[in-house]
Structures are given as C-alpha cells and as structure tokens.
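Visitor: A structural model of the following input is requested.
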Amino acid sequence: MDQNINHIDKNSFKTPDMNSCDVQRVMKLQDFRFWFDAIMKDDALEMERLLSTADTHMVQLLVNGHFEFQQMDSETHPLTKQIAKCFHVSYPIQMVAVYGKQNAFQILMKCGGNILIQDDFKNNILHLMCYVINGNPEREEKARMFYKWLVNTIAPEHLRKLLSEKNSNNLNAETTAVALGTMGLCLDMFKTRGMCIFLGHDECTDLGI
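Guide: Residues are numbered from 1 along each chain as shown. The predicted model follows:
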C-alpha cells in the first residue's frame, strides 16, 4: 500500500519488534518506499526529515540496511523500472552511487553510511557503477561526473580501497571497466590524482590487452 511521504507518522520509524533486526537483515523495498522516493529525488531535506523521526537503530537500518529491491507490491510504481536496471544493488549507498545522487550520498555519509560496503559478489560501488553503465550507456556521462565529485569528497584511503579491491571475478574497478567497455569511466579512474594505477600486467593479459 502506498504511503504519502508528507504524512508519515513518527511511529512509522520505530524499530520493528523482531529478534534478528540488524543492518544485514533483508527488508522489502515497498515497506520503505517513502525513504527511497526521497533518495531517488535526491531530496536531502526530505531525507533529513524522515531520519529525524527515527530512533538510532532505525537510522542505521535506513542508512546501511540490506534491502530486497526487486520485490515490489505494485509493478506500476516508478521505482520498479529504475531499480530493475541496477546490478545487485542491495544497499542505499549503492543506489545513490549508481544513480549519481550527490545530496543523498552526503546525507547517508553524514549518518554513518558505509561507502566500502560490497554486494554478495564483492562488488563495491565503483564496480556497480561500471555494470550499470554497461547496461545503460546513456548514464556514463552522469556517472563520470559523479565519480569526479566522489574523488574530491571521500577520504583518499577510502578511494584507494575502492579502486584496488577485487570482486569475486578477481577484478578491481578499473579492470571491470575495461572488461565491460566503459572506457570513459575507466580513463577517469586511471587519471585520478594521487592514486597509483592498479591494472597490473597479469590482469591486462587476462583481459587480452
């Protein structure tokens, strides 16, 4: 059932009464639709308003919770088509990264968002950006803009880790970009100031370069 985000009762955000309520618990997106509406609109004020009604534990669920994005009650909801294009997106921080939502990203980080979070295949947000661009090439320019903004926003050690860590295919973000042909973003990664190039000889050989 749809909820009107302008008429959310404060009790809506109280911690659910469950024994295994933690940030790794899979939650259905439709139960938190008002929250993701605000994220997709990049509406920082609405996100802050919703978070202000939550207790500490629920804030962590909203910021770092593991959501099941594909299970929607209504196929007519606009989020369905948008999220269906994502690749293994399960966490809000991944969602804001692949869609380039700068305001939403800042709100999540301010509230303890885990920028280094990975999906079940060990993809971090940079891996996921490559996959989404591969399936939606019209998004590459916006993704490149978000990456350049990200470089100047997050701590250098976090950026270094995002660029260097490998997924379950043994590929880091740059080699993932090469393998998928998202060359614009790949070049941006290579040109990141102060970062070494993590694409080694063995990886180049594996990719047929």
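
Visitor: who are the neighbours in contact with residue 43?
Guide: Taking C-beta atoms under 8 Å, 6 or more residues apart in numbering, we find residue 43 in contact with 103-104. Glycine gets a C-beta too; all of them are placed from N, C-alpha and C.

Visitor: hang on, residue 184 packs against residue 142?
Guide: No - applying C-beta atoms under 8 Å as the test, residue 184 and residue 142 come out as separate, 11.0 Å apart.

Visitor: Quickly find the element holding residue 129.
Guide: helix 125-135 (DSSP states H and E).

Visitor: circling back: what touches both of residue 184 and residue 142?
Guide: Counting by C-beta under 8 Å, 6+ apart, residue 184 and residue 142 have no contacts in common.

Visitor: any idea how far residue 157 is from residue 90?
Guide: Look at residue 90 and residue 157: by C-beta to C-beta, to the nearest Å, they are 24 Å apart.

Visitor: nope, residue 101 is what I meant
Guide: For residue 101 relative to residue 157 (C-beta to C-beta), the value is 23 Å.

Visitor: same check, this time on residue 149
Guide: According to C-beta to C-beta, residue 149 and residue 157 sit 18 Å apart.

Visitor: Of the two, give the one with the bigger neighbour count.
Guide: Taking neighbours as other C-beta atoms under 10 Å, residue 149 and residue 157 compare with residue 149 leading, 13 against 8.

Visitor: List the contacts of the more buried one.
Guide: Counted by C-beta under 8 Å, 6+ apart, residue 149 has contacts residue 102.

Visitor: Next: residue 112.
Guide: Residue 112 makes contact with 59-60, 63-64 under the criterion C-beta under 8 Å, 6+ apart.
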